[in-house]
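Peer 1: got a predicted structure here, sequence first:
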Amino acid sequence: MSSIHQYLDECNSHDTTVREQAELFLSSQREANFTNYCSVLCTALRCEQEEPHLRRLAAILLKNSIQLLDLSAKPLWISLSDTDRTDIRTTCFQLISHNNDHVSGGATQVLATIGSIEITRNMSNFVNDLVQAFDQSETQARQNILRCLGFICEDSTNNELDRYSNSLLICILHGLHESQHLPVRVAGGEALLVSLDFASENMLIKDQRDAIFAVIFEMCRDIQHPDLQKLGFECLLQVVCSYYEHLEQYIKDIFHLTNTALSIRNSGENENQKVVNGELAKMGMSVWYLIGQKETEIAEKESSIAMDNERDQTDQLQSESKNYLKAAAPQLVTTILEILCEIDEDLYSPEEDCLIDTSTNVLAFISSLMGDELHQVVVPFVQQLFFATEWQKKDAAIRVVTAISSGTSPEILIPYLDAFLPAALSLYQSHNHVIRYSLLSLIQSISHNSITSLAKQTEVILQILLAALNDENSTISQKACSTVEEIGSVAAELYKDDDEDDGGEGPLPREPTNFTSPFIAVLFDPLLAKAQNFESTSAQFASVAWSALLHLVEGSALDAVPLITARVSEVINNFVPVMDRFAVTIDAELQQGQVLSQFSDEQITQISCAVSFVGVSLPLISPITPQLDQEIFDFAILALNLHDAIVTEDALLLLDSIAKQEAAAFLGDNRLPLCFDFLTQTIAMTEYENIVANSLNVIGTIVRSCGTNTLPQVLNLLEPVLDQIEVGCRIVPTLPNYSCPECPFQPKENVTIPPLSQFSVNNLADFVGIVSDYSLFASSSVFGSLPRIMWMMARLACSLAFDSPHCTSDSLDNLRSHALTCISSLLQALNDLKETSQQDNNEELFKTMGTILIQQSANVTNVIQTLILFDSDPQLMAQLSSENEVGLDTTVSLLELISDVAVVYEKDAKVFLNTALIRGFVKKMLHDDEADVRNAAKGTRKSLKKAEIDRL
């Protein structure tokens, strides 16, 4: 590559052909000899005779190359020898002080990439090397070292920089506090902003915390340097968001800084200064937005726990809130009222984050925290503003009422709205788009906070919404859709399942009519017309319209069913021709082995929404005619034939809804085999977690709804997943005190099985639930597959964190709990059959059941003891990461399994449960902090006593 200059120059060519040929050549050289390729680029980077912009290009090519991954998913940087890596690293360290920005900037980017790679793999003390170089460098190098640290912080994940946080922050603060050169300070501010995520340990130490806040406050007050001042406020937003618990000592300074920023929002010597001050004011109000968001979350937690009568936890949660927003409210409310009156019709856009909307949201938070107290303060101002001649003040009054509706008690809010709404709504037709938008926001708010007041104004509100849907201003028409969506969602909440197992009463029955009925009668067809608009320019609006329709359907009463039923048939008839054309094309491509056609985003959205609409509407249609039943089933199958992930996800939900509504239909007309053909494909789409989850939901519904006739097909469908878990199972390594039983069968030959890591933990938990259901419904037919099912459940119950998507401690806890529950279900089913066979004098079956129970006792006991050791054995706990701790759900399920074993095996349970390990575990759980655990332990103690294990 002696002619590297030529190829670098051609890579910058305006001629596309020349540029692409040069890039292709360089790519071929990289693949042919990576070491030589990097060496040549490094030489070009340090060559003083080369043009600066080409040296920068060499740096970019080098940076991009070393972070490429090899076949083992390792960066190619690691494949270089120590000598080559040192040469590149040394070159870049030397060039970060270069007086040309192209050269020094390129070297900085290469260094940052090297740092990100080496820090992730603990290959060097790269951050410490940079910090040491900072102390020994001049201005240009210091600026680039700070930029490099910032780049590394941006790329870092999984707490990789925690061990460097001290040296990192000292270096950044030093650059910010002591340097007199603005570029160095700006680079320091940018680095500080991205490094604050790693400062949690530093925030615990007062001196370090003081230093961080001091430099942030200093930047916020630096009015001579707007870029640095804006960075200061961005850092302030970050610490408020991440470190609320440490703000008490600094809240007065924060209040003064934000108050100053808000007071100069409209001032400035020139237009540029006015823009900067406006941005600072918006960030100043955003600080109080974040504080309000945090304190509202705390208040909601307190309220929820208080309702559960857990006063001890309530006291603990109350201490978390410092009530900063409530203390600042007197000054903030006055400022907010002033800001709301300053709205500019030409500049305001609700689609952009602006001071007006942030201020309204802060006022809503204040209302949530102060309640009726704020209502009494602002109502006189609302009256004054609303009856002023300026439209801006009328708009401000509407926004204030919208904000305070979230926190005012119903007994005060409803009479006030009854008086305010008629006059406010009358403004819709005669004013500009700003007031129209504000009125729609008001309707949306009161539908959530005071549906009684909305119902009294239904006729007027319907006229407004109908006009808004057809408004030429797309922002207004989309806002109308979201307002209708909110009205539907309020009603839908009434019909959502209340978990009866948790003391709920289950879903409410559909009423003959409710407050959504007039909205459906007037708005359903206009919304549907906009939803089915296939023009690409209307795609976003169509999506919002579909969402409004779905919520209206979910919240509808019985009098809306005829209209909804008719529209379901209409939607199917409208979409089937379009989907048929796609399906024919895809089928031809599959037969020819071609890459499948890609639909446009608009087409996917439309089809997906239509499928969802049919699925949500189906439970309401009763009785369903045979013709419509067949149309809906064919529609679901057609959607699956499109082989698109998004559409497939919704089609499976529709299929599940069909199975729930008319299970018997699956047993006729070859529907069940057809469904199983598709489910065999979709359950293997492990890269799509929701598709696998929805597939399992359908299988579960079939098991529960279609009777035992389907069980052989279900097991055939599940066997490939069993094989995947059995062959790919790398979850439980060899652990002390645990011997994993060998697999009791051989997997099928010539089966391509993806590794277990491709399954999400949540999918595995869903799968365990299906196996559990299968075991309960299968009765005696389960015994042929019992050894493999018990073996698999034992493995999953004792699983450790592994490289599966979303493998968090919570999801692992859920998986283990499901597996333990499945083992309990299997034992109970076996015991029930044993008792039934005894009652029926079936001696052969009775002996068979007894033998199987004894055979499985060792496996079950092994699981119990292993999980107890996970939580109690110091040697084992030292080997395991924190993600593998036994969670709350697993602990409860483990106690329930011990109880079930004691019940199923009766006096024989003494043989394997009467151990110091198990007795000690149960005794310890009797005094656990969690009420659920204590209650489960009490039940287990009773069962153990009945089994004559009473030394607790």
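Peer 2: Yes, it's here. It should be emphasised that the depicted structure is a prediction, and the values quoted were computed from it without experimental measurement.
Peer 1: buried ones in stretch 215-224, by neighbour count?
Peer 2: For stretch 215-224, the neighbour count (16 or more other C-beta atoms under 10 Å) marks Val215, Ile216, Phe217, Met219, Cys220, Asp222 as buried. (Glycine included, C-beta is placed from N, CA and C.)
Peer 1: so which of these comes closest to Lys942?
Peer 2: Closest approach between the buried residues of stretch 215-224 and Lys942, by C-beta to C-beta: Ile216, at 58.4 Å.
Peer 1: ok, back up a step: now the buried residues of stretch 215-224 as a markdown table including distance to Ala529 and secondary structure?
Peer 2: Formatted as a markdown table, the buried residues of stretch 215-224 follow (distance: C-beta to C-beta, whole Å; DSSP: H, G, I helix; E, B strand; the rest coil):
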| residue | distance to Ala529 | secondary structure |
| --- | --- | --- |
| Val215 | 58 | helix |
| Ile216 | 53 | helix |
| Phe217 | 56 | helix |
| Met219 | 54 | helix |
| Cys220 | 52 | helix |
| Asp222 | 56 | coil |
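Peer 1: which one among these gets closest to Val611?
Peer 2: When the buried residues of stretch 215-224 are ranked by distance to Val611 (C-beta to C-beta), Ile216 comes first, at 50.3 Å.
Peer 1: what sits closest to the closest one if chain neighbours are left out?
Peer 2: Nearest non-adjacent residue to Ile216, counting by C-beta to C-beta, 6 or more residues apart in numbering: Cys235, 4.7 Å away.
Peer 1: equivalent analysis for Asn202, please.
Peer 2: The spatial neighbour of Asn202 that comes closest, neighbours along the chain excluded (C-beta to C-beta, 6+ apart), is Gln208 at 4.3 Å.
Peer 1: got a list of contacts for the host helix or strand of the one you found?
Peer 2: Element membership for Gln208 (DSSP states H and E) is helix 206-220. Helix 206-220 has contacts (C-beta atoms under 8 Å, 6 or more residues apart in numbering) with 166, 169, 173, 176-177, 189, 192, 196, 199, 202-203, 228-229, 231-233, 235-236, 239, 246, 250, 253, 257, 261.
Peer 1: at 7 Å instead, please
Peer 2: Residues outside helix 206-220 that contact it (C-beta atoms under 7 Å, 6 or more residues apart in numbering): 169, 173, 176-177, 189, 199, 202-203, 228-229, 231-233, 235-236, 239, 246, 250, 253, 257.
Peer 1: next, the buried residues of stretch 267-287.
Peer 2: Applying a neighbour-count criterion of 16+ other C-beta under 10 Å, one finds Val276, Asn277, Gly278, Glu279, Leu280, Ala281, Lys282, Met283, Gly284, Met285, Ser286, Val287 buried in stretch 267-287.
Peer 1: return the per-residue confidence for the last one.
Peer 2: With respect to pLDDT, Val287 has a value of 97.
Peer 1: circling back to that earlier point, any quick ChimeraX command for the buried ones out of the contacts of helix 206-220?
Peer 2: The following ChimeraX line selects those of the contacts of helix 206-220 that are buried, judged by 16+ other C-beta under 10 Å:
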select :169,173,176,189,199,202,203,228,229,231,232,233,235,236,239,246,250,253,257
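Peer 1: which of the contacts of helix 206-220 fall within helices?
Peer 2: Assigned to helices by DSSP state H, the following of the contacts of helix 206-220 qualify: 169, 173, 176-177, 189, 202-203, 228-229, 231-233, 235-236, 239, 253, 257.
Peer 1: which phi and psi does Pro75 have?
Peer 2: The phi/psi pair for Pro75 (degrees, to the nearest 10) reads phi -60, psi 140.
Peer 1: wait, it sits on Gln67?
Peer 2: Yes: using C-beta atoms under 7 Å, Pro75 makes contact with Gln67 at a distance of 5.4 Å.
Peer 1: which neighbours do the two have in common?
Peer 2: Counting by C-beta under 7 Å, 6+ apart, the contacts common to Pro75 and Gln67 are Ile117.
Peer 1: buried ones in stretch 447-460?
Peer 2: Within stretch 447-460, the residues scored as buried using 16+ other C-beta under 10 Å are Ser447, Asn449, Ser450, Ile451, Ser453, Leu454, Lys456, Gln457.
Peer 1: for the longest helix along the chain, name the packing helices and strands.
Peer 2: Assignment by DSSP H gives helix 271-307 as the longest helix of the chain. Packing partners of helix 271-307 (3 or more C-beta pairs under 7 Å, 6 or more residues apart in numbering; DSSP states H and E): helix 226-242, helix 251-263, helix 311-318, helix 324-340, helix 355-370.
Peer 1: just give me the neighbour total for Phe25.
Peer 2: Residues within reach of Phe25, counting by other C-beta atoms under 10 Å, total 16.
Peer 1: how close does it get to Gln229?
Peer 2: Using C-beta to C-beta, to the nearest Å, Phe25 is found at 48 Å from Gln229.
Peer 1: now the helix or strand hosting Val892: average pLDDT?
Peer 2: Taking DSSP H and E as the definition, Val892 sits inside helix 888-905. The pLDDT scores in helix 888-905 average 88.
Peer 1: tell me which stretches of the stretch 751-900 of the chain form helices.
Peer 2: Per DSSP state H, counting those that start in this stretch, the stretch 751-900 of the chain carries helices over the ranges 761-778, 786-797, 809-839, 843-872, 874-879, 888-905.
Peer 1: next one: the third one to chain centre, how far?
Peer 2: Think helix 809-839. Counting by C-alpha atoms, centre = their mean, to the nearest Å, helix 809-839 is centred 31 Å from the centre of its parent chain.
Peer 1: any idea of the angle that helix forms with helix 888-905?
Peer 2: Angle of helix 809-839 versus helix 888-905, following axes from the mean of the first three to the mean of the last three C-alpha atoms, to 10 degrees, is 10 degrees.
Peer 1: go on, the fourth one?
Peer 2: Using the same axes, to 10 degrees, one finds that helix 843-872 and helix 888-905 are set 150 degrees apart in direction.
Peer 1: how about helix 843-872: buried residues?
Peer 2: For helix 843-872, the neighbour count (16+ other C-beta under 10 Å) marks 845-846, 848-850, 852-853, 856-857, 860-871 as buried.
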